[in-house]
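J.: Structure of the sequence below:
(4 chains)
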Protein chains: 2
Amino acid sequence: MNEPTFLILTALAGESQHGYAVIEDVERITGGRVRLRAGTLYAALDRLRGEGLIEVDREEVVQSRLRRYYRLTAAGEQSLATETDRLREQATIAERRLRARRADFGGATA
Amino acid sequence: MNEPTFLILTALAGESQHGYAVIEDVERITGGRVRLRAGTLYAALDRLRGEGLIEVDREEVVQSRLRRYYRLTAAGEQSLATETDRLREQATIAERRLRARRADFGGATA
DNA sequence: AAGCATATACCGACGGTCGGCATATTCAAG
DNA sequence: CTTGAATATGCCGACCGTCGGTATATGCTT
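T.: Residues are numbered from 1 along each chain as shown, chains lettered A, B, ... in the order given. Sure thing, here's the model as predicted:
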């Protein structure tokens, strides 16, 4: 799973949100690092809907603008949970190796 | 940074390895989930070398087969460390939301 | 002799993201 | 009162990185 996809699922894990709100939420989550392009977002939303990981929650019209709200499906929740575990495991392994590495070289050893 | 790239850097964070050994190491790291394609690996190695994240450590000939060993540069180590932190943060946020979600719906609340 | 593991490397295809644009409304700044 | 930014969805071509296959070569196993 690519990062933008993961971030979109994470955004929707909170509560149902419409597309543009997802863009903002992802920006918040990543501390401003990732601002999804509209093209990326809506394409991913369509794809994820096709894969059954998200679904349309409801549609609203606010100030004559359409808002389509999406929510995570059970499959999407499961998928996000699995991916989260993977991320954690990989981070742990990388960290362990980086630490061992610094112990070897970086260490101002004696 | 994409997952294969991250895994390659992680593999090289351990010790200098030649291409094929990286493929095997990544397979080990991911519990068999990811077996990098040769095309992916060597293309990524070239790219990472171009970006200055890895460099050629040495070359050996074992059983008349060339082995080109790569190692992480300081920039590569830094890059991997940063990416690892990101992964951790994102995993933490996703986990928090998933937990909150289960508390709301899953929870057999009373 | 065939097949698998080792080892590097190229190639076309493909998927997903990027960046830009179109559309439409509301609000603030000039 | 017009320009620009923010909100909101969506399409499109370009691009990057990976996939899958192939080529090349050697050595071991069956």
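
J.: can we go C-alpha only for contacts and neighbour counts from here?
T.: Fine.

J.: Do you know the pLDDT at A:Leu9?
T.: On pLDDT, A:Leu9 comes in at 97.

J.: And the one helix or strand it maps to, what does it pack against?
T.: Using DSSP states H and E, the element containing A:Leu9 is helix A:3-14. Here helix A:3-14 touches helix A:19-29, strand A:65-72, helix A:74-101, helix B:74-101, going by 3 or more Cα pairs under 8 Å, 6 or more residues apart in numbering or on different chains; DSSP states H and E.

J.: tell me the angle that helix makes with helix B:3-14.
T.: 110 degrees (axes from the mean of the first three to the mean of the last three Cα atoms, to 10 degrees).

J.: Please see if helix A:3-14 touches DNA strand D.
T.: No - contact of helix A:3-14 with DNA strand D (Cα under 7 Å from any atom of the strand) is absent, the minimum separation being 12.0 Å.

J.: Can you tell me which of the helices and strands packed on helix A:3-14 is nearest to DNA strand C?
T.: Among those, the nearest to DNA strand C by Cα to the nearest atom of the strand is strand A:65-72 (5.9 Å).

J.: sorry, back to before: save the helices and strands packed on helix A:3-14 as a markdown table, and put in mean neighbour count and distance to A:Ala43 too.
T.: Below are the helices and strands packed on helix A:3-14 laid out as a markdown table (neighbours: other Cα atoms under 10 Å in any protein chain shown; distance: least, Cα to Cα, whole Å):
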| stretch | mean neighbour count | distance to A:Ala43 |
| --- | --- | --- |
| helix A:19-29 | 19 | 11 |
| strand A:65-72 | 18 | 14 |
| helix A:74-101 | 18 | 17 |
| helix B:74-101 | 18 | 22 |
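
J.: Rebuild those as TSV, extending it with distance to A:Val56.
T.: Below are those laid out as TSV (distance: least, Cα to Cα, whole Å):
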stretch	distance to A:Val56
helix A:19-29	11
strand A:65-72	4
helix A:74-101	13
helix B:74-101	18
